[in-house]
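Novice: quick one: sequence plus predicted model below, questions after.
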Amino acid sequence: MRTITNIYLGSLAVADLIYLSIGPLINFIAMQKSPVKGDRSSIIGSSFGCAMIRIPNWVAYYVSILLITAVTLEKYWAICKPMYYRGINNVLRTFKIVVGIWLSCILTGSLFGGIFWSKYQPACLDWPDEEDFKDLPTMVAFCRPLVAGGNIAIIAFRIMSAITFGIFVITLILNIFLYTLIIHQINEKITMENKQRSDPTDANVNLKRTRRKQQMVHMLLVNATVHFILLVPSQLINFLLATHLKNLISDEVRLKINWSAEVMMALNSSINPIIYILLNSQYRRSFYSAIMCYRRAQTEYMTARRPRSTKSTAVDD
């Protein structure tokens, strides 16, 4: 499993774990501590805490969408331009790309999180003198934009929403285009190998290798498709904010979209391992080995293990 593709997928798993262990957990604790929606007084208590709620979510979002696109580019080069890919492919280059993605996303997420969600603002609420409100807290706190209220904050938030939606659309189109070329190239190669079976043994080996590549590409295609589909509600919100159309829908509809976006974002960070196991036999075997703490003899391990990254195995990776 030590391949270039799995370096990207391993990094994607780290981003998913960060999102799952911070965002939903904080929201759950907040709901248990206070019945007032958005009240952060009991779990944050500072501007730094406000920023730390949003920054990991921003980072995880950008990292995941860029890593999915990076995997697609790697597969495109490996399958459609194999000779060029052999000349540039190595582990060090891959780690540089992954580190570059993380650093740029941390910088962007810190900037957005610091500007829009880092102001800790306590508030005193005066509830109606009715039975339904008697147990609600009078002192709460919310996370507000650092930028002063008014048109500046509104314009800045719309620009941020437009940028986020634009990145989503560009990466979606790029992934669709590249996967179309990849699938077309693999199908052509399978057709050609089926016709040129002068040496049955050699042809079968080549065909098996191509089928293995096809299986991996199908897994990554499903993974990318599910990823972008589950991001649709959150990007719909960004689109409405960026285009001044949010007032065209009712508060009830907006609330449902927000709820759907949160659920589908959490699902998006949870479903990848299931896709790998269902669609790839090698991942199933490796998952079983990891869960059962399976260990082979050292001699067998050294014999069976493929090189971590060489130019001769780069295309297979």
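Specialist: Great, that's in hand.
Novice: low-confidence stretches in this structure?
Specialist: Scanning the chain for pLDDT under 70 picks out 42-46, 113-117, 146-153, 193-207, 242, 244-247, 294-317.
Novice: so which residues of it form helices?
Specialist: The residue ranges that make up the helices of the chain, judged by DSSP state H, are 4-33, 47-80, 82-88, 91-117, 151-195, 200-230, 232-242, 251-268, 272-279, 281-291, 298-304.
Novice: need the winner for burial among those.
Specialist: Most buried of these by mean neighbour count (mean count of other Cβ atoms under 10 Å) is helix 47-80; its value is a mean of 21. The way it works is simple: take the backbone N, C-alpha and C, and place the C-beta from them, glycine included.
Novice: packing partners for that one?
Specialist: Under the contact criterion of 3 or more Cβ pairs under 8 Å, 6 or more residues apart in numbering; DSSP states H and E, helix 47-80 touches helix 4-33, helix 82-88, helix 91-117, strand 119-124, strand 139-144, helix 151-195, helix 200-230.
Novice: can you tell which of the helices of the chain is closest to Leu125?
Specialist: Judged by Cβ to Cβ, the one of these that comes nearest to Leu125 is helix 4-33, at 15.5 Å.
Novice: for that closest one, what is the distance to the chain centroid?
Specialist: Averaging C-alpha coordinates over helix 4-33 and over its chain gives two centres that are 10 Å apart (Cα atoms, centre = their mean, to the nearest Å).
Novice: quick one, it and helix 272-279 angle?
Specialist: Between the direction of helix 4-33 and that of helix 272-279, the angle (axes from the mean of the first three to the mean of the last three Cα atoms, to 10 degrees) works out to 130 degrees.
Novice: okay if I get the helices and strands packed on helix 47-80 as JSON lines plus distance to Leu248?
Specialist: Written out in JSON lines, the entries for these read as follows (distance: least, Cβ to Cβ, whole Å):
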{"stretch": "helix 4-33", "distance to Leu248": "28"}
{"stretch": "helix 82-88", "distance to Leu248": "47"}
{"stretch": "helix 91-117", "distance to Leu248": "23"}
{"stretch": "strand 119-124", "distance to Leu248": "29"}
{"stretch": "strand 139-144", "distance to Leu248": "25"}
{"stretch": "helix 151-195", "distance to Leu248": "15"}
{"stretch": "helix 200-230", "distance to Leu248": "24"}
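Novice: mind checking which of those is nearest Phe239?
Specialist: With Cβ to Cβ as the measure, helix 151-195 is the member of these nearest Phe239 (5.2 Å).
Novice: so what does the closest one touch, helix or strand wise?
Specialist: Helices and strands touching helix 151-195, as assessed by 3+ Cβ pairs under 8 Å, 6+ apart, comprise helix 47-80, helix 91-117, helix 200-230, helix 232-242.
Novice: closest to Ser286 out of those?
Specialist: With respect to Ser286, and counting by Cβ to Cβ, the nearest of the helices and strands packed on helix 151-195 is helix 200-230 at 13.0 Å.
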